[in-house]
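S.K.: Predicted model, plus sequence, below.
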Amino acid sequence: MKIGLTVAAVVVAAVAGCNTAGGTGGFISEYSLQVLPSPTNPADFEVLQKSPNGATDYWCAAGEYAMKRLGVSPASRVYLRKPSGPAEFREGRRSIGFTIAPSPSVQQAAAAQGQRFTKTMRNVGENWGAESSRSSCFGANSVFF
């Protein structure tokens, strides 16, 4: 009985901790990627890099965060504002920076890009609808009925 209660307590604690990142105001995506908001501009955020994840996983986390935490509509655009590199909000880590409110330089970079068919982590200004980004989540971790 005691073991059953201990296991139940651990499960409840684990479930309660889903989609949070401690007291940082962060978010944990479906692919277990940590998303951190900018301390000065909530529209800017970064996804911390974690091996072996690829570009679609980071876009998934960005779209998921934009819709679930920031409350944007599925049609709202999510922009890459900082390519893969040193994290801005977590020392010693690497990240990809995103925004839902692009600066003039990100808007200019977005306007200069042609139509894209693949998601990358390199092209500042690259942008996708929040739902398109989030739809990248449907993979190995998804359950279909």
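M.R.: All right, it came through fine. Residues are numbered from 1 along each chain as shown.

S.K.: List the contacts of stretch 64-78.
M.R.: The contact list for stretch 64-78 (C-beta atoms under 8 Å, 6 or more residues apart in numbering) reads 19, 27, 29-30, 35, 37, 42-43, 45, 47, 59, 62-63, 98-100, 102, 127-131, 133-134, 137. All C-beta spots, glycine's among them, are computed from the backbone N, C-alpha and C.

S.K.: what do you get if the cut-off is 6 Å, keeping everything else the same?
M.R.: With contacts defined as C-beta atoms under 6 Å, 6 or more residues apart in numbering, stretch 64-78 is touched by 27, 29, 35, 62-63, 98, 100, 127-131, 133-134.

S.K.: what number of residues lie near the residue nearest to Phe89 when sequence neighbours are not counted?
M.R.: Of all residues not flanking Phe89 in the chain, Leu36 sits nearest, at 4.5 Å (C-beta to C-beta, 6 or more residues apart in numbering). Using other C-beta atoms under 10 Å, Leu36 has 23 other residues around it.

S.K.: Check the offset of the strand or helix carrying Leu36 from the chain's centre.
M.R.: Secondary structure assignment for Leu36, by DSSP states H and E: strand 34-37. Computed by C-alpha atoms, centre = their mean, to the nearest Å, the separation of strand 34-37 from the middle of its chain amounts to 7 Å.

S.K.: for the protein, what's the longest strand?
M.R.: Using DSSP state E, we find that the single longest strand of the chain is strand 77-86.

S.K.: quick one on the thing from earlier: out of the contacts of stretch 64-78, flag the one nearest to Glu91.
M.R.: Val35 (16.8 Å; C-beta to C-beta).

S.K.: Alpha carbons of the longest strand of the chain, as CSV, please.
M.R.: Provided in CSV are the C-alpha atoms of strand 77-86 (Å, rounded to 0.1, in the frame of the first residue of the first chain):
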residue,chain,number,x,y,z
ARG,A,77,3.3,34.3,-37.5
VAL,A,78,6.2,33.0,-35.5
TYR,A,79,9.6,34.4,-36.7
LEU,A,80,13.1,33.2,-36.3
ARG,A,81,14.9,36.2,-34.8
LYS,A,82,18.2,34.6,-33.8
PRO,A,83,19.7,31.5,-35.5
SER,A,84,21.3,28.7,-33.5
GLY,A,85,24.0,30.0,-31.2
PRO,A,86,24.7,31.0,-27.6
